[in-house]
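Colleague: Got a predicted structure plus its sequence, pasted below:
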Amino acid sequence: MIEKPFSPACERNREPILAVLRDFFADRRHVLEVGSGTGQHAAHFAAALSQLVWQTSDRAENLPDSRAWLDEAALLNTPAPITLDVASGPWPSGPFDAVFSANTLHIMGWPEVEAFFAALPGVTTTDAKLAIYGPFNIDGRFTSDSNAAFDASLKARAPHMGIRDAAAVDALANAAGFVLHEDIAMPANNHLRLWQRSTP
């Protein structure tokens, strides 16, 4: 039996995130999770939100991790994880009426963040909802000393990484047709930002 990977951060933040998604995704049916990582979020959220088909995705080298969690959970609403590199694709055809991603934008390079948002119109419904969790800068400034230290550690690992500015991310979302619905402060100086796609 494959030993499941474990993310303490996912364990800590899953309940605060779920509390928001219960309401925001209440009328949704088919969600695409981008960058599913260990699969802990998917297993937890799909079990709690049984009306949703929760499609996980990540780079090929990360899929065994999420498979381990999903195989153990054995939920009927979690299809097999799919390979997705946001920069090069291929993106699944969908259409998805919801997209979720957690702690990914600061790991991607900025061109990948741009590619992520640019791809959304092609794989989502015209009323799709988007939820992204993680740290954000406000007006180009860190919101805490811990986030500044985290950003420094990211850049030490790889220069392309770093905490993204909320306004810059909103601009990409707006260009893809998504309007900010709510920005919710979360524990540990993180935010859960919610957007709704507006019909042209």
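Modeller: Cool, the structure landed.
Colleague: Against K155, how distant is the closest residue in space to F142 that isn't next to it in sequence?
Modeller: Distance criterion Cβ to Cβ, 6 or more residues apart in numbering; nearest residue to F142, sequence neighbours excluded, is A148 at 4.2 Å. To be clear about C-beta, it is placed using only N, CA and C from the backbone, and glycine gets the same treatment. According to Cβ to Cβ, to the nearest Å, A148 stands 11 Å off from K155.
Colleague: quick one: which helix or strand includes the residue nearest to F142?
Modeller: helix 145-157 (DSSP states H and E).
Colleague: now S88
Modeller: If you go by DSSP H and E, S88 is not part of any helix or strand.
Colleague: Pop out the phi and psi values for it.
Modeller: phi -110, psi -10 (degrees, to the nearest 10).
Colleague: Ok, G37 next?
Modeller: Residue torsions, per degrees, to the nearest 10, at G37 are phi 60, psi -130.
Colleague: List the residues that contact it.
Modeller: For G37, the contact set (Cβ atoms under 8 Å, 6 or more residues apart in numbering) comprises 7, 10, 58, 62, 65-66, 102-103.
Colleague: OK, contacts around W54?
Modeller: W54 touches 31, 33, 42, 45-46, 75, 77-78, counting by Cβ under 8 Å, 6+ apart.
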